[in-house]
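Asks: Below is the sequence, then the predicted model.
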Amino acid sequence: QVHLVESGGGLVQAGDSLRLSCAASGLTFSNYAMGWFRQAPGKEREFVVAINWIGRRTYYVDSVKGRFTISRDNAKNTVYLQMNSLKPEDTAIYYCAARSSYSDSPYVKYDYWGQGTQVTVSS
């Protein structure tokens, strides 16, 4: 059974940083592209960033470019999201997801999802 477990969320002030982690089990992690999504209160879930199996290809939504960085450690079965210069509009539940092939499209279906971690940015 596949499990994706996010951690690292919390309450921070605008301009602060957070590093989210997503630990995967039950799948051959290095065979999967990974993505981060977020869902703000009252809004639909949106794509944030994707990374291919080896970390050489990434795709960011425009609103986080230059502030967020995705990375992965296949030896640890973990994907990370470093979030800098956080803004109140970054407040959301952040989800990681796994997909059997990499895509730059924010609209493709992902195969597995975590339960999410809350990020709250106060002004």
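Replies: Arrived safely, thanks for sending.
Asks: Specify the beta-bridge partners of the residue nearest the centre of the chain.
Replies: Residue closest to the mean C-alpha point of the chain, counted by Cα atoms, centre = their mean, is residue 36 at 2.4 Å. Counting by DSSP bridges, residue 36 is bridged to residue 49, residue 96.
Asks: Tell me who's in contact with residue 18.
Replies: Counting by Cβ atoms under 8 Å, 6 or more residues apart in numbering, residue 18 makes contact with 8, 9, 10, 12, 83, 86, 119. All C-beta atoms are positioned from the backbone trio N, CA, C, and that covers glycine.
Asks: go again using 6 Å as the cut-off
Replies: Taking Cβ atoms under 6 Å, 6 or more residues apart in numbering, we find residue 18 in contact with 12, 83.
Asks: From residue 28, how far out is the residue lying closest to residue 116 once chain neighbours are set aside?
Replies: Leaving out its chain neighbours, the residue that sits closest to residue 116 by Cβ to Cβ, 6 or more residues apart in numbering is residue 93, at 4.2 Å. Distance, residue 93 to residue 28, by Cβ to Cβ, to the nearest Å: 27 Å.
Asks: Which one's more surrounded, the two?
Replies: Legend: neighbour count by other Cβ atoms under 10 Å for residue 93 and residue 28, higher for residue 93 (18 against 10).
Asks: And that one, what's its pLDDT?
Replies: The model reports residue 93 with a pLDDT of 98.
Asks: where does it fall, helix, sheet strand or coil?
Replies: strand (DSSP: H, G, I helix; E, B strand; the rest coil).
Asks: shouldn't it be in contact with residue 39?
Replies: Yes. Under the criterion of Cβ atoms under 6 Å, residue 93 makes contact with residue 39 at 5.1 Å.
Asks: quick revisit: contact partners for the residue nearest to residue 116?
Replies: 39, 116, 118.
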